[in-house]
Structures are given as C-alpha cells and as structure tokens.
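Peer 1: structure of the sequence below:
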Amino acid sequence: MRWKISLTLVGLATLVSGDVINYGDMKQYDSRVKERPTLTGEAIWLSSSTDDGFDVVLSKDMQSKVNNILGSCGQDSNKCVNDVYNTLKDTTIEVDHKIDRRHFGHLLSKTLKGSTRVLRTFETIAEMLYTFWVMKSREQMGDSGFYLPAIAAANAAKASNATAVTLSAGGSIIATITPPPEPKAKLEGSAAPQITTATGGAPMIVMDKDLASRLNDFVAMSQPGLCNDGEKFDNEHPSRRRQSKLASMGHAICVAMGVISNSGMSGMFADLSMLEKGQYHLSLQDAVPAAQDALGIIKDFVTAYTPVLGLSSDEDFSLVLAALIFNNVINKASFQAQNVLSTDGALGHWGIDGNPSRTEPSCPDPAKMPVSTHTAICCWVSESR
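Peer 2: Numbers count the residues shown, from 1 in each chain. Okay, here's the model as predicted:
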C-alpha cells in the first residue's frame with residue numbers, strides 16, 4: 001500500500017531571487033514512496049498522493065544512465081544538466097495508475113504554469129538530479145527517487161524563462177546553467193498520421209507502419225484494471241448495463257491515457273501529435289452514453305496534459321486518439337498503416353465531414369455533354385433504382 005502524508009509548506013526553504021533557484025535543505029526532497037513501482041527499461045514514474053508535491057522515481061536502467069552521464073560530464077555543469085535533460089525527455093513517462101491521472105495532469109499544469117517552456121518537467125528533474133549529485137560530493141545515486149514539493153517546482157518553472165539560472169542548495173551555489181533550447185516537433189516516421197476516407201466513405205486514419213507497430217506493442221503490454229480512471233469508469237458503468245463490446249471501455253481509457261502521456265515532443269508516439277487532418281473533421285455521432293462519457297474523459301485528459309507535453313489542443317487530436325484506441329481495444333482491430341473505423345454502431349457512428357484537399361474528378365451530367373470524338377467512361381445510377 002502506498003502511504004499518504006501531507007507536507008506543510010511552512011518552513012520550506014525553496015525561494016527564487018531573481019534568476020536564482022535556492023533548493024534549501026535537500027532533506028526535504030527525500031523520497032516518500034514506500035512501495036517502489038516495478039519499472040522496466042528507461043522510464044520515469046510520476047505520482048502525487050497529495051496536492052503538495054510530486055513523487056518521482058527513475059527505473060534502474062534510467063538511474064544507471066544518469067549516473068554514467070554525471071560521472072563522465074566533468075566540471076561543465078551546464079553540459080551535465082543538459083545531457084541529463086536530453087536523456088530524460090526521450091524516455092517513457094509512467095503516471096501512477098493508482099491516482100486520478102486527470103487531476104494529476106491539472107496539478108502538474110497548474111504548478112508549471114509560470115514557465116513558457118514545454119517539457120519544463122524534465123528540466124526541473126535534471127536540475128534536481130544534478131544538485132543531488134553535487135551535494136553528495138558527486139557520488140553515484142543510491143536512491144532512484146525523490147519528492148518534489150509543488151512550491152519548489154513552481155518556483156523553478158518561473159525561473160526557467162531566464163537566459164541563465166543559478167542553482168543553489170544548502171547555503172552554497174551549485175551551478176549557473178543555460179536552459180536548453182526549446183525542442184522542435186520532429187516527424188520520426190515516413191509521414192504524419194492523417195484523417196481521410198476509405199473506399200465507400202468510411203472514416204480512415206492512416207499512419208506510418210512503424211508507429212502502428214509501436215502502438216500494438218504498447219497495448220499488448222497493458223493490462224486491464226491498471227488505471228484508477230478506468231476502474232472508476234467501470235464501477236460507474238457496470239458491464240451488465242452495457243453492450244458486451246463496451247465492457248472493455250475502462251481498459252480503453254487506461255490505454256488512451258498511456259498513449260497520450262507519450263505523445264508529446266520526444267515521446268515514443270510523438271508523431272500522433274503531428275496529425276494532419278486536411279479539411280476533414282472526425283466526429284462520433286449518436287454516441288451511446290458510455291462512449292460519450294469515455295470520450296469526455298479522454299478529451300479532459302488531453303486538455304490537462306497539453307501545457308506539459310506540448311500536445312495539440314485541437315479537438316480532432318482527442319477524437320483521433322480515442323477512435324484509434326476504441327478501434328483497437330473494443331473492436332479488437334490491430335493498428336495498421338490504414339485504420340478504417342468501425343461503423344457497426346456499438347459506440348455510435350464515426351462520421352467525417354469537410355471537403356478533402358484533393359478530390360477525384362466527377363463525371364458530368366450526360367444530358368449536358370457535348371458531342372465528342374472521345375468516349376467518357378462513367379457510370380450513373382438513377383434515383384429510381
């Protein structure tokens with residue numbers, strides 16, 4: 001069981017004076033996590049048992065990688081912090097499945113609102129890790145986690161807009177660093193995902209085959225029930241009241257949240273945030289109540305994490321993510337380069353409107369065709385047939 005404790009802000013010594021971040025007594029950042037999460041690969045786990053701050057845990061692989069960076073970057077503090085940051089921003093983010101992830105996203109966005117910089121979360125963690133390392137006489141990290149009070153994160157966010165930031169702790173100046181340049185969205189696959197139509201007019205989402213493969217692998221590793229929001233949804237929408245297809249909607253919500261968390265810049269699904277919709281717009285028409293509620297949860301989650309991850313706040317982004325996940329988890333359709341959305345009505349009816357950027361030439365009305373030596377090959381269907 002994860003234990004909960006409220007930390008009063010009285011006595012917190014984290015202050016900002018100009019462009020100086022004074023972390024104060026480093027003992028206040030000791031990890032509060034009693035039960036370590038099981039993490040694989042290079043990952044960062046984030047949680048919050050209260051609104052006072054955040055729990056941060058690095059996987060063993062990530063901890064080892066950070067130790068290697070700090071042990072080899074020399075005395076150049078700016079290089080050390082930026083190298084750690086560049087490693088962190090390319091890793092997998094895992095948000096504690098036992099907490100309300102939407103509330104966590106709102107808390108994180110609220111805490112970091114003083115910064116104009118996307119991915120400020122990773123900058124703050126990098127600065128903290130470097131500060132810990134220096135304060136411990138440049139020893140290897142023996143603990144993979146720490147607690148970050150919300151007030152410390154908020155003050156660090158405000159200072160991050162400066163061209164140079166001085167880090168201080170325990171009454172000593174640790175380093176003066178230059179915040180790394182803002183990341184730019186970069187397409188990893190051969191083409192950005194796109195909204196289009198299949199033969200017959202059904203909505204279709206096309207994507208790079210490697211992105212589809214990564215999504216399939218991600219869903220295959222996910223387990224039903226490992227998400228507070230999904231469990232809450234299932235409790236509020238008992239399966240006996242839903243069509244059998246919708247019995248897995250809670251799991252679909254959890255999968256969607258996991259995909260969204262890794263769709264920001266540098267995330268494994270970053271190409272999803274570069275959606276090209278052209279002039280098409282996706283919509284879920286005549287949605288059954290359970291599907292409408294689930295869609296609202298996903299939209300709210302995207303809104304909460306947009307400032308933190310640099311996601312698109314466009315409604316089409318939320319709809320496309322939901323459509324892809326519903327198609328996979330509920331309709332059992334694997335992710336493909338071409339994903340035709342189901343129109344069986346179990347959720348409602350996925351509709352598409354707007355004019356495509358490129359249209360096929362239409363056949364002229366035969367009654368208005370001039371006499372020509374060329375033969376036009378067209379088919380007309382009379383309204384009476």
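Peer 1: kindly provide the distance from residue 236 to residue 28.
Peer 2: 38 Å (Cβ to Cβ, to the nearest Å). No exception for glycine: its C-beta is placed from N, CA and C like everyone else's.
Peer 1: looking at these two, which one has more neighbours?
Peer 2: Ranked by neighbour count (other Cβ atoms under 10 Å), residue 236 and residue 28 place residue 28 first, with 18 against 10.
Peer 1: so the more buried one makes contact with residue 149?
Peer 2: Yes. Using Cβ atoms under 8 Å, residue 28 is in contact with residue 149, at 6.8 Å.
Peer 1: OK, contacts around the residue most central in space within the chain?
Peer 2: In the chain, the centroid-proximal residue (Cα atoms, centre = their mean) is residue 261; its distance is 2.2 Å. By Cβ atoms under 8 Å, 6 or more residues apart in numbering, residue 261 lies in contact with 93-95, 267, 305, 309.
Peer 1: pLDDT score for it?
Peer 2: At residue 261, the pLDDT value in this model is 82.
Peer 1: show me where the stretch 1-150 of the chain has strands.
Peer 2: 15-17, 20-22, 43-47, 53-58, 92-95, 145-149 (DSSP state E, counting those that start in this stretch).
Peer 1: now these as TSV including mean pLDDT?
Peer 2: As requested, the strands of the stretch 1-150 of the chain are exported to TSV (pLDDT from 0 to 100):
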stretch	mean pLDDT
strand 15-17	41
strand 20-22	83
strand 43-47	87
strand 53-58	90
strand 92-95	78
strand 145-149	87
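Peer 1: right, and those strands - which one's nearest residue 300?
Peer 2: Smallest distance to residue 300 across those (Cβ to Cβ): 14.6 Å, for strand 92-95.
Peer 1: can you tell me the strand partners of the closest one and which way each runs?
Peer 2: In the sheet, strand 92-95 lines up against strand 43-47 (parallel) (DSSP bridges).
Peer 1: using PDB, list the CA coordinates for the partner strand.
Peer 2: The C-alpha trace of strand 43-47 is given here as PDB (Å, rounded to 0.1, in the frame of the first residue of the first chain):
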ATOM      1  CA  ALA A  43      11.400   5.100 -17.600                       C
ATOM      2  CA  ILE A  44      10.300   7.900 -15.200                       C
ATOM      3  CA  TRP A  45       7.400   7.300 -12.800                       C
ATOM      4  CA  LEU A  46       5.400  10.200 -11.500                       C
ATOM      5  CA  SER A  47       2.800  10.300  -8.800                       C
END
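Peer 1: tell me who's in contact with the residue nearest to residue 31 when sequence neighbours are not counted.
Peer 2: In space, and not counting its chain neighbours, residue 31 is closest to residue 145: 4.0 Å by Cβ to Cβ, 6 or more residues apart in numbering. By Cβ under 8 Å, 6+ apart, the contact set of residue 145 is 31, 33, 36, 45, 55-58.
Peer 1: between the residues you listed, which sits nearest residue 195?
Peer 2: residue 45 (33.5 Å).
Peer 1: sweet, I'm off.
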